[in-house]
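Engineer: following is a predicted model, sequence given first.
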Amino acid sequence: MRILKFRTYRTLTIFLVLAAVPLAAQEKLTLSAAVARALEANPDLAVDAPGQEAARHEFEAARAGYLPRLDFEQSYLGGNNPVFVFGTLLSQQKFGLENFAIPALNSPDAIDNLQTRVTAQQTIWDFGRTRNRRDQARLGVEIADQAHEGHKQQVLLAIFDAYHAASLAQATLETARTALRSAEAIESQARARVDSGLTVEADLLRSQAYLSEARQQEIQAQGQLESAWAQLNRLMGYPISQKTAETAPLEPKNITVPPEEALLAEQKQRRPDYQNLLKELRQAEVAAGSWQKEFLPVVVGYGTWELDNPSFSEYGGNNWSAGISLRWNLYAGGGDAAQRDAARQRLEQKRRQISAAESAMGLEIRKAVIQYRTAAQQVAAAQAAETQSEEGLRILKNRYDAGLATMTDLLSAETARSGARTNLAGSIYRQRLSYAQIEYAAGLLSPTSPAMTVP
């Protein structure tokens, strides 16, 4: 009996030492390093940059409405139309007495005209149309930047989840490997006891079935770890198949949750999506005002300098003109009125959307707080269950060695121990994630927020 126990413990010790070697050799990846890498190289965040630049160019385009417009035009026209010939000769300053002859007036010779024209136009007063377009474009820049901030918070939550999911998968794999080593030791012990005639062969068969199941669970846990790392690598911008380090182990931590009232107060000031809704509301207000101004006139000043030459090599004449015009759309088939009414309805829709968003955000805070409290209680319960399962397994091993317990009892205790360890790791993961979700719902999640910095 004493020799049998020595062999069992020696086998278990060898397995533990060999399994610990590759883990110790692995470099550790901290959460802060994963976050920094994701903010720098995340492929989803990279999508925002062109949109932000586009919004800034649109703002520059809107500001151009305050500046004059300058156009250059070069054209050629030829023919013997009497009116065209008469006017072209005057423009080219080639009109002479001979051109007053009746035959020359009625049936002139064909003439060519190369016309060069430079036109400048400046809006003098448009009753705020340009200002409204500029304000809408400026809000567009702010919305693009704020959307990027919201996208960063989404990536932060995703990297937080993926990082701890990798830790959970690693803990699950380690538990599966421990269960596999224990199953191998139990199977070896059962085989020795059968060979010694101390037990029946049924115990060996049960231990072999348990060993097979433990191997399957170890294979499944390995696959889950590889999937978790693939997700983490993508978020960090690494090749999906790369596995460069180990994440920190999941350990229970007590984190103080701010009062729900304080979270709700911060929410409207910090949530990027809510701030964008407010900016979109302002855009809708400006758009509704802009369509109302379409019923008002526009005053424009213009000036033109023109050069008319018979050919490229022959100089003709030049002239200029300048003036002011008032353009007032009195009727456009009701299209402008319909557009104005549509803009007003969009404005009302945006107001209701904000009201609905405030209600939904309050619910997010409430659910996240409840989930955290539930997860914290589950951690405490899982810790107690894990301790009890370890003690129960120790007692049953001793009873089995003494012939006072069956193989079924021993395997049940081993299964309970593995399940308790897995449940504890899962509870810690849910607790950590639910706290990060509280910060995300309140708009507080950042690389330096408590969720990210708690070891």
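Structural biologist: Looks like it came in fine. Everything numeric here is computed off the predicted structure, so don't read it as measured data.

Engineer: residue boundaries of the strands in the stretch 51-200 of the chain?
Structural biologist: Assigned by DSSP state E, counting those that start in this stretch, the strands in the stretch 51-200 of the chain fall at 69-79, 111-125.

Engineer: so which of those is nearest residue 435?
Structural biologist: Shortest distance between residue 435 and the strands of the stretch 51-200 of the chain, using C-beta to C-beta, is found for strand 111-125: 55.6 Å. C-beta: built from backbone N, CA, C; applies to glycine.

Engineer: returning to that earlier point: quick check: which of the strands of the stretch 51-200 of the chain is buried the most?
Structural biologist: A comparison of these by mean neighbour count, using mean count of other C-beta atoms under 10 Å, puts strand 111-125 on top with a mean of 15.

Engineer: what residues does that strand touch?
Structural biologist: Contacts to strand 111-125, defined as C-beta atoms under 8 Å, 6 or more residues apart in numbering, come from residues 65, 67-80, 84-85, 88-89, 91-92, 130, 298-312, 316, 324.

Engineer: show me what secondary structure element comes after the least confident helix or strand in the chain by mean pLDDT.
Structural biologist: Across the helices and strands of the chain, the lowest-confidence element by mean pLDDT, DSSP states H and E is helix 2-25, at a mean of 41. Later in the chain than helix 2-25, the nearest helix or strand by DSSP states H and E is strand 28-29.

Engineer: chain center to that following strand: distance?
Structural biologist: Using C-alpha atoms, centre = their mean, to the nearest Å, the distance from the centre of strand 28-29 to the centre of the chain it belongs to is 24 Å.

Engineer: same question, stretch 167-182
Structural biologist: Distance of stretch 167-182 from its chain centroid, counting by C-alpha atoms, centre = their mean, is 33 Å.

Engineer: what of stretch 280-292?
Structural biologist: In terms of C-alpha atoms, centre = their mean, the gap separating the centre of stretch 280-292 from the centre of its chain is 28 Å.

Engineer: what is the mean pLDDT for that stretch?
Structural biologist: Averaging pLDDT along stretch 280-292 yields 90.

Engineer: ok, residues contacting it?
Structural biologist: Under the contact criterion C-beta under 8 Å, 6+ apart, stretch 280-292 has outside partners 128-129, 132-133, 135-136, 139-140, 143, 336, 339-340, 343-344, 346-347, 349-351, 354.

Engineer: got a quick PyMOL command for the buried subset of the contacts of strand 111-125?
Structural biologist: Applying 16 or more other C-beta atoms under 10 Å to those leaves a buried subset, and the PyMOL line that selects it is:
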select buried, resi 65+84+85+88+89+91+92+130+298+300+304+306+307+308+309+310+316
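
Engineer: helices - which of the contacts of strand 111-125 land there?
Structural biologist: When the contacts of strand 111-125 are checked against helices (DSSP state H), the matches are 84, 85, 88, 89, 91, 130.

Engineer: farthest pair within those?
Structural biologist: Across those, the two members that end up farthest from each other (C-beta to C-beta) are 85 and 130, 42.9 Å apart.

Engineer: list the contacts for residue 42?
Structural biologist: By C-beta under 8 Å, 6+ apart, the contact set of residue 42 is 155, 159, 235, 236, 237.

Engineer: quick one, which of the strands of the stretch 51-200 of the chain gets closest to residue 245.
Structural biologist: Of all the strands of the stretch 51-200 of the chain, strand 69-79 comes closest under C-beta to C-beta, at 58.9 Å.

Engineer: helices or strands up against that closest one?
Structural biologist: In this structure, strand 69-79 packs against helix 82-91, strand 111-125, with contacts taken as 3 or more C-beta pairs under 8 Å, 6 or more residues apart in numbering; DSSP states H and E.

Engineer: tell me which stretches of this protein form helices.
Structural biologist: With DSSP H as the definition, the chain shows helices at residue ranges 2-25, 31-41, 43-46, 48-63, 82-91, 102-106, 129-195, 201-236, 260-270, 272-293, 335-401, 407-442, 450-453.
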